[in-house]
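Peer 1: model this:
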Amino acid sequence: MKELKKPSHLGHRQRIKEKYKKSGMDGWLDYEVLELALSFAVPRKDTKPIAKDLLGKFKTLNGVLDADIKDIQTVKEISEHSSLFLKFLKDISILYMEKGIYNRDLLSSPQGVFDYLKVSLKGLADEEFKMLFLDTRNQLIAMETFKAGTVNRSVVFPRKVVERALYHHTVGVIIAHNHPAGSLEPSIEDKAITKAIRNALKTVDIKLLDHIIIGGNKYFSFIENNF
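Peer 2: The predicted structure is shown next:
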């Protein structure tokens, strides 16, 4: 009896996993990273064409991970399960970065804060605002996020920052938000809201330590630029 051949993609899946086990992902192309990732979410299929289709639509690995779940599902062979898995990969990387900035003096090691904010805010389609609450040792007590549209920036936001800062018994606050279009230039509204929050926090003896804007892979620090 003629021996049945195993589907070719099974051997390829094993080879790419062995390649990863042997040397990690040094020098890998974006499609290879996606191909391996998808092999854990897409059963019984060759994931290389799917990975290349994703990159054809979203251009880069970052573009894929930043994409909306519904947009990801427009790619052929991508199910809801697969799209959720891809979003999970980004969310777990954000959580990894977030855990890394606890128990550190964030004012003496600001790069960790910038790296976390870039991972968590870059690529979002809408603005999000983050508040980082620090203790007397400049270590992170807690972090909260406002989605775009949940607060009136000019009126409610300063009051909300003070309210949450008092709740967490903080002595210093770092605020951050993203510019979805990628610009780093602070708008007139950005400057006004920074001043309003700084003044509001002063009334309860809490310091605004910085306001950081994330645009693409770069950031703008109000403190570093003497605003």
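
Peer 1: which stretches of the protein form helices?
Peer 2: Taking DSSP state H to define them, one finds helices in the chain at 8-23, 30-39, 47-58, 61-66, 69-72, 80-99, 110-121, 156-167, 188-202.

Peer 1: and the contacts of the fourth one?
Peer 2: Going back to what we said before, that points to helix 61-66. Helix 61-66 has contacts (CB atoms under 8 Å, 6 or more residues apart in numbering) with 30, 33-34, 54-55, 58, 72, 86-87, 89-90, 122-124. Where you see a C-beta, it was placed from the backbone N, CA and C, and this is true even at glycine.

Peer 1: same question for stretch 126-140.
Peer 2: Residues contacting stretch 126-140 (CB under 8 Å, 6+ apart): 101-108, 113, 117, 120-121, 141-149, 151, 157, 161, 164-165, 168-180, 209.

Peer 1: send the alpha carbons of it over as PDB?
Peer 2: Only the C-alpha atoms of stretch 126-140 are listed here, as PDB (Å, rounded to 0.1, in the frame of the first residue of the first chain):
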ATOM      1  CA  ASP A 126      -8.300  57.500  18.500                       C
ATOM      2  CA  GLU A 127      -6.700  59.600  21.300                       C
ATOM      3  CA  GLU A 128      -6.200  58.000  24.700                       C
ATOM      4  CA  PHE A 129      -5.100  59.600  27.800                       C
ATOM      5  CA  LYS A 130      -3.000  57.900  30.500                       C
ATOM      6  CA  MET A 131      -2.300  59.000  34.000                       C
ATOM      7  CA  LEU A 132       0.600  57.600  36.000                       C
ATOM      8  CA  PHE A 133       0.400  58.200  39.700                       C
ATOM      9  CA  LEU A 134       3.800  58.300  41.600                       C
ATOM     10  CA  ASP A 135       4.700  58.100  45.300                       C
ATOM     11  CA  THR A 136       7.400  60.000  47.300                       C
ATOM     12  CA  ARG A 137      10.100  57.800  45.800                       C
ATOM     13  CA  ASN A 138       8.900  58.500  42.200                       C
ATOM     14  CA  GLN A 139       7.700  54.900  41.900                       C
ATOM     15  CA  LEU A 140       4.500  54.000  40.200                       C
END
